[in-house]
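J.: Okay, predicted coordinates and the sequence, questions at the end:
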Amino acid sequence: MIRNLETTTHARPRTAPHPALRTPGTLPAVTETDFPTAREPARPPDNAGVLVLDPTRTTAAVFGAEALLTDASTLRAAAWKEVLDSFLIEYAHTTGRRRPAFDIAVDHPAYLLGRLGEEGAVDFLQGRGCRPDLAAGHLGPPPADVLRLLLARAERRFAELVQERGVGPRSGARDLLLDLRSHDVATAAVWTGYDGRQLLRCAGLGHLVDTCTDAEDARTHRLAGPPDPAMLLHTLSRLHAQPERTALIAVTPDDVLAGRRGRLAVVAALGHGERGRPSAAQSGVLVVPGLNAITVAPREETRAPTRT
């Protein structure tokens, strides 16, 4: 897991990692003045799907999957590729059965994005026709808990990549969070990786998100991951929010399904997510092209007209 990142500033662009991230334990403190506190009204792209939230009806907004708010999922995919490719090489050496390498563009969205790591790893290995116990020797003395060790290695490598490269916010994330909070709409994040709160701070978004439920919470409270709504409903209980007054912004079909099963009032899906465009016909949700296409209506525009 990520350590000593709780006080780091948000990262610079990937081509120039924040130098502080290279030196754990000597990171500068983050204050609220490091980030903007006001913004211009959101202006969605022309001719695009638009979601306008009514703050008199919507009291909370939940963002599913870390890929929505930060670029950390790119690093997590790279970490999983290194770990799983190493496992597949050992598997071929031990069993004589070669398997295709982990393809980030295909396998990450298919097996891991928006899912708890162990669940995704199980499905990936099953999809490759692997028996993990046959290649456990390089992970630890038998009987090795292969999945647990694979997950630990992936999280360790992910933490190293965060230190090396930094984490930044996704386009439109900061503006949308500011817009929501300026209209007294509570904000939350639900993602299936570890260290959600630290990563939000690293991306400069920690002070804009009221609560975050991540894999550590899922393990502690024994919550199933998407498409089960357990993590989502746990988050709503933290916010003291009602499903019928909550909007979910999702990026994966599993998150969309979790929102529908949790009976949330509004479910919106990003149509350009790493996992492809969710089927609006199948899911019955509004598809928007990006976070910039989501805005909050001024309260005076949502009031019913008075009669004279």
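T.: Done, it's in.

J.: From now on I want contacts and neighbour counts done on CA atoms only, so please keep to that.
T.: Will do.

J.: just the strands in the stretch 51-200 of the chain please.
T.: For the stretch 51-200 of the chain, the strands defined by DSSP state E, counting those that start in this stretch cover 51-53, 60-64, 186-190.

J.: How about the stretch 201-308 of the chain?
T.: Shown for the stretch 201-308 of the chain, the strands assigned by DSSP E, counting those that start in this stretch span residues 211-213, 246-250, 266-270, 286-288, 294-296.

J.: tell me the most buried of those strands?
T.: Comparing these by mean neighbour count (mean count of other Cα atoms under 10 Å), strand 246-250 ranks first with a mean of 25.

J.: Give me the mean pLDDT for that strand.
T.: What strand 246-250 shows for mean pLDDT is 94.

J.: Stretch 95-107 now?
T.: On average, stretch 95-107 scores 91.

J.: same thing with stretch 195-208?
T.: 94.

J.: what about residue 120, distance to residue 236?
T.: 25 Å (Cα to Cα, to the nearest Å).

J.: closest one to residue 192 among the strands of the stretch 201-308 of the chain?
T.: With Cα to Cα as the measure, strand 211-213 is the member of the strands of the stretch 201-308 of the chain nearest residue 192 (8.2 Å).

J.: State the mean pLDDT of that closest one.
T.: The average pLDDT for strand 211-213 rounds to 96.

J.: Could you export the strands of the stretch 201-308 of the chain as TSV, including distance to residue 148?
T.: Output for those, formatted as TSV (distance: least, Cα to Cα, whole Å):
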stretch	distance to residue 148
strand 211-213	21
strand 246-250	27
strand 266-270	31
strand 286-288	36
strand 294-296	38
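
J.: got JSON lines for the strands of the stretch 51-200 of the chain, with mean pLDDT, distance to residue 104 and mean neighbour count too?
T.: Listed next are the strands of the stretch 51-200 of the chain as JSON lines, based on pLDDT from 0 to 100; distance: least, Cα to Cα, whole Å; neighbours: other Cα atoms under 10 Å:
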{"stretch": "strand 51-53", "mean pLDDT": "93", "distance to residue 104": "30", "mean neighbour count": "17"}
{"stretch": "strand 60-64", "mean pLDDT": "95", "distance to residue 104": "20", "mean neighbour count": "25"}
{"stretch": "strand 186-190", "mean pLDDT": "97", "distance to residue 104": "22", "mean neighbour count": "24"}
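
J.: Good, we can wrap up now.
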